[in-house]
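Novice: predicted model and sequence follow; I will ask about them next.
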Amino acid sequence: MAQFDSGGVAIAYDHFPGEGRPVILIHGFTSNRNENWRRLGWYGAFERKRMQFAALDCRGHGESAKPHDPSAYTREAMVGDIVRLLDHLSAERADLVGYSMGARIALAAGLAHPKRFPLVTLGGIGSKLFEPRPPGNPMAEAMEAADPDTISNDMLRSFRRFADEQGEDRLALAALTRSSDPSFTRDEVATLSVSALVVAGNRDDLAGNPQELASLIPGARAVSLPGCDHFSAIPHALFKAAVFDFLDGVLE
């Protein structure tokens, strides 16, 4: 396992040399680089294309450090991990592929560092990006619950059970959801100046419509994956095809 130091937080990652500038893969909440990208076929797809790529475990996940302080999970801190990985690889620029939480990080990185991240794929997010957070913090409460069977909401219970299956640190995940960083606004997203692809399943109730989000970003493209929800979209062949077409610059 390779690691680098990101402002005092150890971040685990994989790097595969290949052609072109690196593509950095950023996984979703409660997942990790092995589950989100390796097991679901993305590592193999990039290797077959002989493309250079890297994937990290976001702080609080996988084999990376897992602080229990919400202040460790600000937008600036999460983006900082991506920038420091790029520096660690001695690369000036990289393209980003993020899913769900990872898409939010990729979006924030593109907004903050457009010269370093010229292409961003935003998977598993859409129009619901702008919905206000629910009262309280039901996701944190689900992660902190002693027994997942006591969680009445199906979606929250599925996230909690997935975290348990992956052996994740539930208190670190709860701390991440308690970060006080504000949500994205439409005006902020409209300032994104890098090339963007937005992809979500047409049955993804967590993401919403990808076209509505893409329409706010100058020049952005949207792809809706037929028959896919938030979880089945990740390994889908059409998702991979859309990403590689976008990275190759031939998406029509």
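Specialist: Yes, it's here.

Novice: over to Ala91. Which of the three states is it?
Specialist: What DSSP: H, G, I helix; E, B strand; the rest coil gives for Ala91 is coil.

Novice: ok, it touching Val23?
Specialist: No: Ala91 lies out of contact with Val23 (Cβ atoms under 8 Å); the separation is 10.6 Å. All C-beta spots, glycine's among them, are computed from the backbone N, C-alpha and C.

Novice: which of those two has more neighbours?
Specialist: For Ala91 versus Val23, neighbours defined as other Cβ atoms under 10 Å are more numerous around Val23 (24 against 15).

Novice: list the beta-bridge partners for the more buried one.
Specialist: Note on Val23: beta-bridge partners Phe53, Asp95, judged by DSSP bridges.

Novice: wait, a strand at Gly102?
Specialist: No: under three-state DSSP, Gly102 falls outside any strand and is assigned helix.

Novice: roughly how far apart are Val223 and Leu89?
Specialist: When distance is defined by Cβ to Cβ, to the nearest Å, Val223 is 28 Å away from Leu89.

Novice: and if you look at Arg38?
Specialist: On the measure of Cβ to Cβ, Arg38 and Leu89 end up 18 Å apart.

Novice: same check, this time on Val120
Specialist: Val120 is 17 Å from Leu89, by Cβ to Cβ.

Novice: more neighbours, Val223 and Leu89?
Specialist: Val223 (23 against 18).

Novice: helix/strand/coil for that one?
Specialist: Applying three-state DSSP: Val223 is strand.

Novice: ok, it touching Leu238?
Specialist: Yes: in this structure Val223 lies within contact range of Leu238 using Cβ under 8 Å: 7.4 Å.

Novice: can you confirm Val198 is in a helix?
Specialist: No: assignment of Val198 by three-state DSSP gives strand, placing it outside any helix.

Novice: need the contact list for it.
Specialist: Listed by Cβ atoms under 8 Å, 6 or more residues apart in numbering, the contact set of Val198 reads 122-123, 125-126, 210-211, 213-214, 217, 220-223.

Novice: at 7 Å instead, please
Specialist: Leu122, Gly126, Pro210, Leu213, Ala214, Ala220, Ala222 (Cβ atoms under 7 Å, 6 or more residues apart in numbering).

Novice: do you know the pLDDT at the spatially most distant residue from the centre of the chain?
Specialist: Distance from the C-alpha centroid of the chain, by Cα atoms, centre = their mean, peaks at Thr150 (28.1 Å). Here the pLDDT value assigned to Thr150 is 95.

Novice: which is the succeeding secondary structure element to the helix or strand harbouring Gly110?
Specialist: Assigned by DSSP states H and E, Gly110 belongs to helix 101-112. Next along the chain after helix 101-112, taking DSSP H and E as the criterion, comes strand 119-123.

Novice: direction included, what does that following strand pair up with?
Specialist: Strand pairing (DSSP bridges) places strand 119-123 next to strand 95-99 (parallel), strand 195-201 (parallel).

Novice: what lies in contact with it?
Specialist: Here strand 119-123 makes contact (Cβ under 7 Å, 6+ apart) with 95-99, 103, 106-107, 110, 194-199, 239, 243, 246-247.

Novice: show me where this structure has its strands.
Specialist: 2-6, 9-16, 19-26, 51-56, 95-99, 119-123, 195-201, 221-225 (DSSP state E).

Novice: can I get the fifth one in PDB, CA atoms only?
Specialist: When you say that, I think you mean strand 95-99. Presented in PDB, the C-alpha positions along strand 95-99 are these (Å, rounded to 0.1, in the frame of the first residue of the first chain):
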ATOM      1  CA  ASP A  95      -8.300  14.800 -15.000                       C
ATOM      2  CA  LEU A  96     -10.800  13.800 -12.300                       C
ATOM      3  CA  VAL A  97     -13.500  11.100 -12.200                       C
ATOM      4  CA  GLY A  98     -15.600  11.300  -9.100                       C
ATOM      5  CA  TYR A  99     -18.700   9.500  -8.000                       C
END
